[in-house]
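Enquirer: quick one: sequence plus predicted model below, questions after.
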Amino acid sequence: MAVETKKMTTSIATAGESFLDRIKVWPERTKSFYNDVRSEMRKVTAPSWKEVRGTTAVVVVTVFIFGVYFFIIDNVIQRGVTFLYSYFGSH
């Protein structure tokens, strides 16, 4: 919350400044940005091997289920369109 408040204060303060003033504070703002990035990256953790296997299995099963579903729907639509063409084509 404090970081967001600081960013809002900085953006409000820079709204009324000239271009030259914004150029002067650029190194400070860049340093602050990189410090924020470094702080957030320290919080990032890699998933365990068990989590990777679990989520991969979920993705593979889901893709298979959707593949079967779309195969069935595609065949139903194809047969319906073929029937309509043959029905109206003969009249």
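Expert: Ah, there it is. Numbering: from 1, shown residues only.
Enquirer: quick one, domains of the chain?
Expert: 2-42, 48-91 (automatic domain parsing).
Enquirer: mean pLDDT lowest for which of those domains?
Expert: Of all these, mean pLDDT reaches its minimum on domain 2-42 (a mean of 77).
Enquirer: same list (the domains of the chain) but as a markdown table, adding mean neighbour count.
Expert: Any C-beta I mention is one placed from the backbone N, CA and C, and that applies to glycine too. A markdown table is the format used below for those (neighbours: other C-beta atoms under 10 Å):
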| stretch | mean neighbour count |
| --- | --- |
| domain 2-42 | 10 |
| domain 48-91 | 10 |
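Enquirer: would you map the helices across this structure?
Expert: For the chain, the helices defined by DSSP state H occupy 2-15, 19-24, 26-42, 49-89.
Enquirer: now do stretch 83-91: distance to the chain's middle.
Expert: On the basis of C-alpha atoms, centre = their mean, to the nearest Å, stretch 83-91 sits 46 Å off its chain's mean C-alpha point.
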